[in-house]
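**Q** with the input below, show me the fold.
(2 chains)
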Protein chains: 2
Amino acid sequence: MKGRVTADDVAKKAGVSQSTVSRVLNNYPFIKEGTREKVLEAINELGFTRDEIARSLVEKKTRTIGLIIGNISNPFFAESAGVIISKAQKEKYDVIIYNTNHDDYQLEKAISTLIGKRVDGILAAAVNRNNARVKQLYENGFPIVLYNSRLDDSEVNSISLDNKKGAMLAVEHLAELGHKKIAYIAGPSKYLTVYERYVAYREALQKYGLSYDSELVFKEELTHDKVVTFTKRILSRPDRPSAIFAMSDEMALAVMDGVAGLGLKIPEDVSIIGFDNINIAANSYIGLTTISQQKEKMALLALDNLIQLIESDQKDVQPVHVIIEPELLIRRTTGVCNGS
Amino acid sequence: MKGRVTADDVAKKAGVSQSTVSRVLNNYPFIKEGTREKVLEAINELGFTRDEIARSLVEKKTRTIGLIIGNISNPFFAESAGVIISKAQKEKYDVIIYNTNHDDYQLEKAISTLIGKRVDGILAAAVNRNNARVKQLYENGFPIVLYNSRLDDSEVNSISLDNKKGAMLAVEHLAELGHKKIAYIAGPSKYLTVYERYVAYREALQKYGLSYDSELVFKEELTHDKVVTFTKRILSRPDRPSAIFAMSDEMALAVMDGVAGLGLKIPEDVSIIGFDNINIAANSYIGLTTISQQKEKMALLALDNLIQLIESDQKDVQPVHVIIEPELLIRRTTGVCNGS
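**A** Got it, this is the predicted structure:
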């Protein structure tokens, strides 16, 4: 991996001197048209804009980090962001925060805006698995670390859970309690981490000889109201599931909303297991059984690695890939299956 | 109110020309020592640093807003921040977010850092009532809007709830259900909005002929664990309270944690009412009775007013003071008093 793009990189790529690059960017007269074009092409091929390179010539580091998350009102993101912001403040970095609302276009815009603001690096927590822009930034040496996200076939630095193992633990826990019909709130599979949980859910069903029923799997965009509606629908079937696994605690709470709305009891009528271990999961009134992502550890590792990338001036830094161990936390929302 | 500080303001105050101000800031030689001092004094008296003025001479607006909150892991702040960030993105402003962890020193530092980053304006949600720095910024014409915060004796723009009425509604609701011993999670009174709720709690008790018992009032720093411990302690008294009012939903959830930890039932054994109406309060599994702060409305009004201040180039803009109406939302955590 290279360091952050510099006029030197551009000069080498274009086969000109650094001062020529500088003259082109500052619109000096008396430059041959061919030379100007070579420099601008090199900048383009390196994946930067002319403005960015111009600024890199004159500007120092900004001690500002960009933080891209799905939605700050999801406690997983809010609590992780809290950890990141507090630690960043201690390290004298400021954090510009972007909500993508899980929209790919907003993610692209967030990246462009943050680069335009000259952030020293980016932490991104909700990146679709095939995102070309993130891959390009990484390959160009821009400091970027993904957390709770990974790309397909790419070396981009990432801190993420062993999601497959996490989802396996969840389904195994339910299967061992005797549950045979286990519904799953899966969400869309554009995020690799989310997709891996779905694959593991299917594999775990198979391992325990349980059949897969696509009508018990929610694959749409995850909103609270849609998940409440889905929960109520599947629990109104004569052959209703006795357990529901949700790919996030936020969505497990939506499931609980739906269950309580029908007047059913947790866990007597329906067992529920989440994923994340947000703070409220440990509240005795809720007692949500869940898979811990060790969110503080994940967030701090992501930030520490980003700061190292920013502050290391070495080239050829090795990519970072940390896989965090999931942990099953059994609380009050799961119990022995009372039905079929 | 004046516009943002400019070299012109400094020049007038110092009785010199704008270009003299510029020459002082750029360390030109051949300036009389007395003149240099006059300029630096004027800058100081206007409450800015030399660096800030220097930058204001050369820099345009940054389209960046500073957002100062108590703690992003409190859903009231996280959900308000979500509304602000999403709307700001639409208006093409970026948001730098600062957690103060309710620490006055962190608040001062947040302000200095944000000003140093040349934000166009600041939204602040957790400002102690006597904060001199905020008052000075406002008086110097820097765009700043408080939300869910106000200062004593100051005109600083603010969007806040009628907190007195909100707390009155809460205690009245409990009194009308027959509760006579009503505990209160008050928190420290350095925030005017929080203090007003405490005063109204006492006034409401008096109005309903209920006695005030300081042992039933929690006035320390608000942390989840401390409030759980306090709740368990007061509910273990032989003459335990039959209802608990918390100054935020986050703390009402801590109270519920304590109640459930003792194996008591809500609302049969203890009624609980919160304040804020965070998203989870409406979850059927929780059903927290609360006082709505209309947080979306509050957040959007704060942002809209800030953007207007930033974008208006007029001087003498009138200060903005919006008081939002509270609303009692009765859900499942409050019921008729079964005890004494």
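
**Q** please look at A:N128 and A:K190 and confirm they touch.
**A** Yes: contact status for A:N128 versus A:K190: in contact at 4.4 Å, counting by C-beta atoms under 8 Å. Bear in mind the C-beta positions are built from the backbone N, C-alpha and C, glycine included.

**Q** the more surrounded of these two?
**A** More crowded of A:N128 and A:K190, by other C-beta atoms under 10 Å in any protein chain shown: A:N128, with 20 against 15.

**Q** at the contact with chain B, which residues of the stretch 51-200 of chain A appear?
**A** When proximity is defined by C-beta under 8 Å from any C-beta of the partner chain, the stretch 51-200 of chain A lies next to chain B at A:64, A:71-73, A:75, A:78-79, A:81-82, A:85-86, A:89, A:94-99, A:101, A:106, A:109, A:113-114, A:117.

**Q** mind checking which of those are in strands?
**A** Taking DSSP state E, the ones among these that sit in strands are A:64, A:94-99.

**Q** okay if I get the residues you listed as TSV plus neighbour count and pLDDT?
**A** As requested, these are exported to TSV (neighbours: other C-beta atoms under 10 Å in any protein chain shown; pLDDT from 0 to 100):
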residue	neighbour count	pLDDT
A:T64	20	90
A:D94	24	89
A:V95	23	91
A:I96	23	89
A:I97	26	89
A:Y98	25	88
A:N99	26	88
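
**Q** export these to CSV and tack on distance to B:Y198?
**A** As requested, those are exported to CSV (distance: C-beta to C-beta, whole Å):
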residue, distance to B:Y198
A:T64, 38
A:D94, 34
A:V95, 33
A:I96, 36
A:I97, 32
A:Y98, 37
A:N99, 34
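
**Q** in which helix or strand does the spatially closest residue to A:E220 that is not a sequence neighbour reside?
**A** Nearest residue to A:E220, sequence neighbours excluded (C-beta to C-beta, 6 or more residues apart in numbering or on different chains): A:K226, at 6.1 Å. Per DSSP states H and E: A:K226 is located in helix A:224-235.

**Q** burial count for A:K12?
**A** Neighbour count for A:K12, taken as other C-beta under 10 Å: 13.

**Q** ok so, going back, need the residues touching each of A:N128 and A:K190.
**A** Shared contacts of A:N128 and A:K190 (C-beta atoms under 8 Å, 6 or more residues apart in numbering or on different chains): A:D104.

**Q** which residues of the stretch 201-340 of chain A fall in strands?
**A** Secondary structure of the stretch 201-340 of chain A (DSSP state E, counting those that start in this stretch): strands at A:217-218, A:243-246, A:271-273, A:290-292, A:321-324, A:327-329.

**Q** okay, the ones you listed, which one's buried deepest?
**A** The highest average neighbour count among those, using mean count of other C-beta atoms under 10 Å in any protein chain shown, belongs to strand A:243-246 at a mean of 30.

**Q** please name every helix or strand in contact with it.
**A** helix A:163-176, strand A:182-185, helix A:224-235, helix A:249-261, strand A:271-273 (3 or more C-beta pairs under 8 Å, 6 or more residues apart in numbering or on different chains; DSSP states H and E).

**Q** repeat that for 10 Å
**A** Counting contacts by 3 or more C-beta pairs under 10 Å, 6 or more residues apart in numbering or on different chains; DSSP states H and E, strand A:243-246 packs against helix A:163-176, strand A:182-185, helix A:192-207, strand A:217-218, helix A:224-235, helix A:249-261, strand A:271-273.

**Q** domain parsing of chain A, as residue ranges.
**A** As assigned by the TED database, chain A contains the domains A:7-59, A:64-160+A:294-324, A:163-293.

**Q** just the pLDDT for the closest residue to A:N279 other than its chain neighbours.
**A** Leaving aside its sequence neighbours, A:N279 sits nearest to A:E79 (C-beta to C-beta, 6+ apart; 6.0 Å). Reading off the confidence values, A:E79 has pLDDT 96.

**Q** can you list the weak-confidence ranges in chain A?
**A** Along chain A, the parts satisfying pLDDT under 70 run over A:1-5, A:26-29, A:47-60, A:313-316, A:340.

**Q** circling back to that earlier point, could you dump the strands of the stretch 201-340 of chain A into CSV with distance to B:K181 added?
**A** What follows is the strands of the stretch 201-340 of chain A, written out as CSV (distance: least, C-beta to C-beta, whole Å):
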stretch, distance to B:K181
strand A:217-218, 45
strand A:243-246, 39
strand A:271-273, 35
strand A:290-292, 36
strand A:321-324, 47
strand A:327-329, 36
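
**Q** which bits of the stretch 201-340 of chain A sit near chain B?
**A** Taking C-beta under 10 Å from any C-beta of the partner chain as the criterion, the stretch 201-340 of chain A approaches chain B at residues A:224, A:228, A:250, A:253-263, A:266, A:272, A:278-280, A:282-288, A:332-333.

**Q** among those, the buried ones, what's the ChimeraX command?
**A** In ChimeraX, this line selects whichever of those come out buried by 16 or more other C-beta atoms under 10 Å in any protein chain shown:
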select /A:224,228,250,253,254,255,256,257,258,259,260,261,266,272,278,279,280,283,284,285,286,287,288,333
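
**Q** cool, thanks, signing off.
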